[in-house]
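**Q** I would like to see how this sequence folds:
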Amino acid sequence: MSRILGSSALALVCLSSIATAQDLPFPPGEGGFHWDAYEALKSTDLSGQVITVAGPWLSQERDYFETVVAYFEAATGADVQYNGSDSFEQQIVIDTAAGSPPDIAIFPQPGLAADLAAKGFLVPLPQATADWVAENYAAGQSWVDLATFPGQDGSDALYGIFYRVDLKSLVWYVPENFEDLGLEIPGTMEDLKAMTQEIVDEGETPWCIGLGSGGATGWPATDWVEDLMLRMYPPEVYDDWVANQMPFDDPKVIAAIEEFGWFARNDDFVAGGTGAVASTDFRDSPKGLFAIPPQCYLHRQASFIPSFFPEGTVVGEDADFFYFPSYADKDLGNPVLGAGTLVSMTKDSPGARAFVEFIQNPIAHEIWMAQRAFISAHLGTNAELYGDPTMGKMAEILRGADTFRFDGSDIMPAAVGAGVFWTGMVDYAGGADAAEVASAIQATWDGIK
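**A** Just a heads-up that it's a prediction; the model follows:
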């Protein structure tokens, strides 16, 4: 059977509640899925129970998730009612405060979950679950740490399991262009920097970098700095920086900003020169890879960027990617920067607990993997089931990670992470001193405390 759902099968999943295994788009027993885990799920009888789930997924993402849910329903007899919303973050705050939360909430980033846990609005998970995540997820302890928050009583506990993952530590390129210059995929950051100079020596421009994003201009540079922080220092330093336990104007942070400047503040290194970095929209920036002749050969951006490639571009053929490498001389392993969705209980019930346990089941990952737009950190899944080879390759990068950390600016207070950090990086790209930019950002942190 095809690894990717046909439109008719997907429509069946989306428009009706699936109650029997015979109706499932991937028939149990076929295709290399972990059907033993699915069969074990049948021992949980939730017939007649309704489980409400709220989250951010809409449109196709909602359809994929509801396909996964269908297997839980078929095995347990439960009725799972998913409500997706583009205002999920606001609605879940209102619902929990009003005492009418869903059974399960799916958070697009952990900061909001931490806030609700501190108010007593999330249900802590047992230590055994934390131990399971640490053992069964790639860079497992990282995922435990990211979902461990102080509760209302001040004690730390695990408040969810990460499910769908996105990667940011990627560099995109056009294979044909690499072949023309005789370039090879760099294995270390030192190699990447040497390649940057090599491209210049060939009379070409290595990088396309664009920070423009309307009112959010500057955020792509924050990703650069976060990736570099993880490669220059141990993850504990990154954590202290994100929490402002280490001030933003610490010399370590200034050095990471200046390392970004090594790439972005050299006219020879960037398409259009450094003056174009802040003014180029991030959605337009990768187009230089596909120009004839090429305007650039390298573009660092997250897993979503192919959405802005020229129409008809086939990833893996017309364009490809490699891991944004670590420094050979730092001995810090392979850190990965990204994001992920956290599945948490907002109402304690047998159905809610069973659903969280289901997220630990490889089937809950494999069914979405076999469709599209999903990367899993679950080491127990069958990696051959990825319906999209691009997702499978990204999953390999994730599986090889020694450390995973969440996008730091998404965790910082909005005034910093979605405010002065963005604008400060635009100022830096335009020529401002790194230490002065960092001090100005720290001043905003100080005003929040």
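
**Q** any idea which helix or strand carries the nearest residue to residue 104 once chain neighbours are set aside?
**A** Nearest residue to residue 104, sequence neighbours excluded (Cβ to Cβ, 6 or more residues apart in numbering): residue 53, at 4.3 Å. (C-beta placed from N, C-alpha, C; glycine too.) Applying DSSP states H and E as the criterion places residue 53 in strand 50-55.

**Q** related to what we said a few turns ago, pretty sure the residue nearest to residue 104 sits against residue 355.
**A** Yes. With contact defined as Cβ atoms under 8 Å, residue 53 reaches residue 355; the gap is 7.4 Å.

**Q** for these two, list the residues in contact with both.
**A** Between them, residue 53 and residue 355 share these contacting residues under Cβ atoms under 8 Å, 6 or more residues apart in numbering: 80, 103, 104.

**Q** just the buried ones among those residues, please.
**A** 80, 103, 104 (16 or more other Cβ atoms under 10 Å).

**Q** rebuild these as a markdown table, extending it with pLDDT and secondary structure.
**A** Below are these laid out as a markdown table (pLDDT from 0 to 100; DSSP: H, G, I helix; E, B strand; the rest coil):
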| residue | pLDDT | secondary structure |
| --- | --- | --- |
| 80 | 97 | strand |
| 103 | 98 | coil |
| 104 | 98 | strand |
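
**Q** now those residues in JSON lines, with distance to residue 193?
**A** Output for those, formatted as JSON lines (distance: Cβ to Cβ, whole Å):
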{"residue": "80", "distance to residue 193": "49"}
{"residue": "103", "distance to residue 193": "50"}
{"residue": "104", "distance to residue 193": "45"}
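
**Q** and which of those is nearest residue 389?
**A** Comparing those against residue 389 with Cβ to Cβ picks out residue 80 as the nearest, at 30.1 Å.

**Q** name the element the residue lying closest to residue 371 once chain neighbours are set aside belongs to?
**A** Closest residue to residue 371 apart from its sequence neighbours, by Cβ to Cβ, 6+ apart: residue 64 at 5.0 Å. According to DSSP H and E, residue 64 maps onto helix 59-76.

**Q** just how off-centre is that helix within its chain?
**A** 21 Å (Cα atoms, centre = their mean, to the nearest Å).

**Q** heads up, I number from 27, so please use that
**A** Okay, using 27 as the starting number, the last item reads as helix 85-102.

**Q** by how many degrees do it and strand 76-81 diverge?
**A** 150 degrees (axes from the mean of the first three to the mean of the last three Cα atoms, to 10 degrees).

**Q** next helix or strand past the helix or strand of the chain with the lowest mean pLDDT?
**A** When each helix and strand of the chain is scored by mean pLDDT, DSSP states H and E, helix 33-41 comes last, with a mean of 36. The helix or strand immediately downstream of helix 33-41 is helix 61-67, counting by DSSP H and E.

**Q** hmm, who's touching that following helix?
**A** Everything outside helix 61-67 that qualifies as a contact, by Cβ under 8 Å, 6+ apart, is 54, 55, 97, 98, 101, 102, 384, 387, 388, 389.

**Q** which parts of stretch 368-378 are buried?
**A** Neighbour-count burial for stretch 368-378 flags 368, 369, 370, 371, 372, 373, 375, 377, 378 (criterion: 16+ other Cβ under 10 Å).

**Q** tell me how far the fifth one lies from residue 242.
**A** To tie it back to what came earlier, the one meant is residue 372. Per Cβ to Cβ, to the nearest Å, residue 372 is found 29 Å from residue 242.

**Q** so which residues of the stretch 227-376 of the chain form strands?
**A** Using DSSP state E, counting those that start in this stretch, the strands of the stretch 227-376 of the chain run over 325-326, 346-349, 361-371.

**Q** which residues does residue 166 contact?
**A** Residue 166 neighbours (Cβ under 8 Å, 6+ apart): 159, 160, 403.

**Q** CSV please, covering those and showing neighbour count and distance to residue 67.
**A** Formatted as CSV, the contacts of residue 166 follow (neighbours: other Cβ atoms under 10 Å; distance: Cβ to Cβ, whole Å):
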residue, neighbour count, distance to residue 67
159, 24, 19
160, 16, 23
403, 26, 21
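
**Q** so which of those residues sit within helices?
**A** 159, 160 (DSSP state H).

**Q** from start to finish, how long is stretch 394-407 in a straight line?
**A** 11 Å (Cα to Cα, to the nearest Å).

**Q** what secondary structure does the closest residue to residue 146 other than its chain neighbours sit in?
**A** Spatial nearest neighbour of residue 146, chain neighbours left out: residue 178 (3.5 Å); criterion: Cβ to Cβ, 6+ apart. What DSSP: H, G, I helix; E, B strand; the rest coil gives for residue 178 is coil.

**Q** and residue 178, how many neighbours?
**A** 12 (other Cβ atoms under 10 Å).

**Q** and if you look at residue 167?
**A** 15.

**Q** distance check, it against residue 253.
**A** Distance from residue 167 to residue 253, by Cβ to Cβ: 20 Å.

**Q** report the contact partners of residue 187.
**A** The contact partners of residue 187, taken as Cβ under 8 Å, 6+ apart, are 151, 155, 159, 169, 173, 368, 369, 382, 385, 386.

**Q** my guess is the second one contacts residue 184. True?
**A** Read that as residue 155. Yes. Between residue 155 and residue 184 there is a contact at 5.9 Å, judged by Cβ under 8 Å.

**Q** out of the two, which sits in the busier spot?
**A** residue 184 (25 against 19).

**Q** just the pLDDT for that one.
**A** Residue 184 carries a pLDDT value of 98.

**Q** hmm, it is touching residue 148, no?
**A** No. Assessed by Cβ under 8 Å, residue 184 is found out of contact with residue 148, at 10.2 Å.

**Q** this completes my enquiry, with thanks.
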